[in-house]
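A.B. asks: okay, predicted coordinates and the sequence, questions at the end:
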Amino acid sequence: MRIGEIAALAGVTTRAVRHYHQQGLLPEPERRGNGYREYGLRHAVELARIRRLTELGLGLAEVRDVLADDAGRELVEVLEELDGDLARQEAAVRERRARLAELLAQARAGELPPEGPVSADLARLFAAFGPTESAIAAKDRAHLALFDQVGGPASGGLIAALRPLAEDPEFVRRVEGLYGRLDELAEAGEDDPRIGPLGEELAAAMPEDVVRLIAGAPAEESLSGGFGAAFLGDFPPAQAAVVRRMIAGLAERARGGGRP
């Protein structure tokens with residue numbers, strides 16, 4: 001048989017046959033006087049076996065190990081390992097489908113936020129606060145979505161602490177007012193007299209559960225490093241100064257030096 005004939009018989013391409021030769025999986029037959037390789041039935045048997053093994057998901061190095069072991073012990077070990085890999089992949093697919101089901105339910109209920117996809121808990125928090133036209137509120141939501149993704153404080157306790165407050169109309173109105181005042185500082189300088197009072201009001205507005213979660217370290221430490229600098233760098237100067245003052249106030253409260 002010529003290479004095209006054996007490839008068709010085994011259900012592979014001629015390119016695959018040549019690749020198996022190069023990888024040492026399939027012995028190359030001798031060339032006849034006309035320069036063509038002449039394949040026998042044994043080559044077809046080996047080629048069919050290679051195809052079956054690769055279709056199971058084995059890599060070529062694993063196929064090589066299997067073919068080198070006449071007793072078949074290596075095949076059992078490789079197949080058991082492959083079965084474990086497939087089981088892990090199956091579990092991962094189930095987890096992803098469960099997450100997709102949550103997102104589909106949010107989308108069908110009109111609850112999928114613009115920042116989505118986010119966790120179901122964060123989506124419910126955003127829905128409780130409702131839509132906003134505030135630029136700083138939209139930025140705050142984007143930050144929460146980031147923390148939710150990377151597993152920061154907002155991925156658990158912070159969201160749980162904020163959820164009851166989002167269902168308090170008075171608290172929601174207070175937060176909207178603070179966001180509005182922050183928006184007004186978008187073009188202000190770092191010496192604006194509104195910075196200090198606003199930062200203190202923001203720190204005072206935070207409930208104790210939130211204070212314990214996000215103010216465990218002094219302000220200088222919590223804002224140091226790459227993430228802290230990047231976080232502050234996402235705000236215009238005056239707004240960043242308010243955030244610094246707020247975090248300093250939260251740190252004071254966490255140490256017992258401020259009023260709730």
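C.D. replies: Done, it's in.
A.B. asks: give me the element the nearest residue to Met206 once chain neighbours are set aside is part of.
C.D. replies: Of all residues not flanking Met206 in the chain, Leu250 sits nearest, at 6.3 Å (C-beta to C-beta, 6 or more residues apart in numbering). For glycine as for every other residue, the C-beta is placed from the backbone atoms N, C-alpha and C. For Leu250, the host element (DSSP states H and E) is helix 237-254.
A.B. asks: tell me what that helix is packed against?
C.D. replies: helix 195-205, helix 208-214, helix 219-222, helix 225-233 (3 or more C-beta pairs under 8 Å, 6 or more residues apart in numbering; DSSP states H and E).
A.B. asks: mind redoing it with 10 Å?
C.D. replies: If you count contacts as 3 or more C-beta pairs under 10 Å, 6 or more residues apart in numbering; DSSP states H and E, helix 237-254 packs onto helix 135-150, helix 169-183, helix 195-205, helix 208-214, helix 219-222, helix 225-233.
A.B. asks: this protein - how does it break down into domains?
C.D. replies: Under the assignment automatic domain parsing, the domains of the chain span 3-68, 69-110, 112-254.
A.B. asks: save these as JSON lines, and put in mean pLDDT too.
C.D. replies: Converted to JSON lines, the domains of the chain look like this (pLDDT from 0 to 100):
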{"stretch": "domain 3-68", "mean pLDDT": "87"}
{"stretch": "domain 69-110", "mean pLDDT": "78"}
{"stretch": "domain 112-254", "mean pLDDT": "80"}
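A.B. asks: most neighbours per residue, which of these?
C.D. replies: Of the domains of the chain, the one with the most neighbours on average (mean count of other C-beta atoms under 10 Å) is domain 112-254, at a mean of 17.
A.B. asks: mind checking the end-to-end distance for it?
C.D. replies: End-to-end distance for domain 112-254, by C-alpha to C-alpha, to the nearest Å: 34 Å.
A.B. asks: look at the nearest residue to Gln239 once chain neighbours are set aside and give its secondary structure.
C.D. replies: Distances taken as C-beta to C-beta, 6+ apart place Leu185 nearest to Gln239, at 5.3 Å, with adjacent residues excluded. Here Leu185 takes the coil state, with states given by DSSP: H, G, I helix; E, B strand; the rest coil.
A.B. asks: quick one: Leu185 from Ala135, how far?
C.D. replies: The gap separating Leu185 from Ala135 is 11 Å, by C-beta to C-beta, to the nearest Å.
A.B. asks: please enumerate the shared neighbours of these two.
C.D. replies: Contact criterion C-beta atoms under 10 Å, 6 or more residues apart in numbering; residues shared by Leu185 and Ala135: Gln239.
A.B. asks: quick one: contacts for the residue nearest to Gln239?
C.D. replies: For Leu185, counting by C-beta under 10 Å, 6+ apart, the contacting residues are 136, 192, 194-195, 198, 235-242.
A.B. asks: before we move on, what about Val45?
C.D. replies: Taking C-beta under 10 Å, 6+ apart, one finds Ala10 in contact with Val45.
A.B. asks: that one is in what secondary structure piece?
C.D. replies: Short version, using DSSP H and E: Val45 is in helix 41-56.
A.B. asks: any idea how far that helix is from the chain center?
C.D. replies: Relative to its chain's centre, helix 41-56 lies at 39 Å (C-alpha atoms, centre = their mean, to the nearest Å).
A.B. asks: good, wrapping up.
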